[in-house]
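J.: Structure for the following, please:
(one chain, ligands or ions: 1)
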Amino acid sequence: MSAVTLSKSLQVALLQFHASSDKAANLIKVTEFIKKAVSNNPKPQLLVLPECFQSPYAVDQFKNYAEKIPDGETTQLLSKLARENKISIIGGSIPEFDELDGGLYNTSVVFNSFGEIIAKHRKVHLFDISIPGGITFKESDSLRPGNKATVFEIPEIESKFGLAICYDIRFPELAMIASRRGAGIMAYPGAFNTITGPKFWTKFAVARAIDNQNYVLMCSPARNPSGGYQSYGHSMVVDPNGNVLIEAGHDEEIIYCELKKEIIEEARKSIPISIQRRFDIYDDVSKDPIVSAL
Ligand SMILES: NC(=O)CC(=O)C(=O)O
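T.: Numbering: from 1, shown residues only. Got it, this is the predicted structure:
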């Protein structure tokens, strides 16, 4: 396992706001939220945006808001805002149109403080669920899944991250891959809803934090009573021991937090699960067949 890469201390801000059906207004809103976040004292070094911050979270709408990356206006705007404000940004997610394969993806783009794209994650696990009396959602009706785990480093802030989107958090493998490649922080732009959020959001954030002893950043859209899909909100930062350090409500809000390298090191040193793993016993678990899904 590689040593954790995290600067001694890192200031982050999670920007919780909701999108409307007006894309131009959504881009104005993200600009305003970023300006507000960077004026905080202390100034954050990294901003995290929510899943689907420039479009409604609706499978029949994604195509109307989809953009090419990096040429699309949202990616160009975030690049400019990162450069002008000298700040790294994990850009939530937007519907991406890939002109090579004609597919749509739910994609997060990461910018360094020079406005350069340094990573891109396409949601790997699509949100296809049906809870009787609750919610039915089928992202695969319009989206295609990504096909890789995403781990990246931002040299200016000396930190390595894993990145995944929303439903991806239910699959622990992506976070484990990131952690074993030296990431000390796992970021999840995510839009759980008012059915699954209260049941699962905090539990998954805590689980992914303690099973890899890393920080977890969860950035949700705010709830929008006049919108369709009702996001849970409750953006939060969880530390490597599973403590929720800060949590938003469900309205628009920015939360700030300091992450400390020593907390990760202490957690991993005192309970060294990462080096106690028995891959000799379960290294082929992914090849085991599922006997029955029911
Ligand atoms: N929206 C998602 O991708 C996931 C979600 O809401 C859930 O897992 O619950």
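J.: okay but Cys257 is in contact with Glu247, surely?
T.: No. Look at Cys257 against Glu247 with CB atoms under 8 Å: they stay out of range, at 10.2 Å. C-beta: built from backbone N, CA, C; applies to glycine.
J.: Identify the contacts common to these two.
T.: Between them, Cys257 and Glu247 share no contacting residue under CB atoms under 8 Å, 6 or more residues apart in numbering.
J.: what pairs with the spatially most central residue of the chain across the strands?
T.: Among the residues of the chain, the one closest to the centroid is Tyr188, at 2.1 Å (CA atoms, centre = their mean). With DSSP bridges as the criterion, Tyr188 is bridged to Met218.
J.: these two touch, right, it and Ser220?
T.: No. When contacts are counted by CB under 8 Å, Tyr188 is not listed as touching Ser220 (9.2 Å).
J.: Quick one: residues contacting Ile28.
T.: So Ile28 contacts nothing (CB under 8 Å, 6+ apart).
J.: Next, work out how far apart it and the ligand are.
T.: Distance of Ile28 to the ligand, given as CB to the nearest ligand atom, to the nearest Å: 25 Å.
J.: helix/strand/coil for that residue?
T.: What DSSP: H, G, I helix; E, B strand; the rest coil gives for Ile28 is helix.
J.: In three-state terms, label Ser7 for me.
T.: Of the three states, Ser7 takes coil under three-state DSSP.
J.: quick one, phi psi at the residue nearest to it when sequence neighbours are not counted?
T.: Distance criterion CB to CB, 6 or more residues apart in numbering; nearest residue to Ser7, sequence neighbours excluded, is Glu158 at 3.9 Å. Glu158 adopts backbone torsions of phi 50, psi 50, taken as degrees, to the nearest 10.
J.: what does Lys36 give?
T.: According to degrees, to the nearest 10, Lys36 has phi -70, psi -40.
J.: Okay, it and Leu15: tell me how far apart.
T.: Distance of Lys36 to Leu15, given as CB to CB, to the nearest Å: 8 Å.
J.: How about Arg208?
T.: Distance, Arg208 to Leu15, by CB to CB: 21 Å.
J.: count of neighbours near Ser79?
T.: Close neighbours of Ser79, defined as other CB atoms under 10 Å, add up to 20.
J.: now swap in Lys138 and tell me
T.: 13.
J.: So the spatially closest residue to it that is not a sequence neighbour versus Pro145, what's the distance?
T.: Excluding the flanking residues, the one nearest Lys138 by CB to CB, 6+ apart is Asp128, at 4.9 Å. With distances taken as CB to CB, Asp128 is found 10 Å from Pro145.
J.: Same question for Ile69.
T.: Taking CB to CB, one finds Ile69 at 16 Å from Pro145.
J.: ok, now Tyr65?
T.: Using CB to CB, Tyr65 is found at 19 Å from Pro145.
J.: contacting residues for the nearest residue to Ser226 once chain neighbours are set aside?
T.: Of all residues not flanking Ser226 in the chain, Ser20 sits nearest, at 8.0 Å (CB to CB, 6+ apart). Residues counted as contacts of Ser20 (CB under 8 Å, 6+ apart) are Asn26, Pro56, Asn224, Ser226, Gly227.
J.: Alright, I will stop here.
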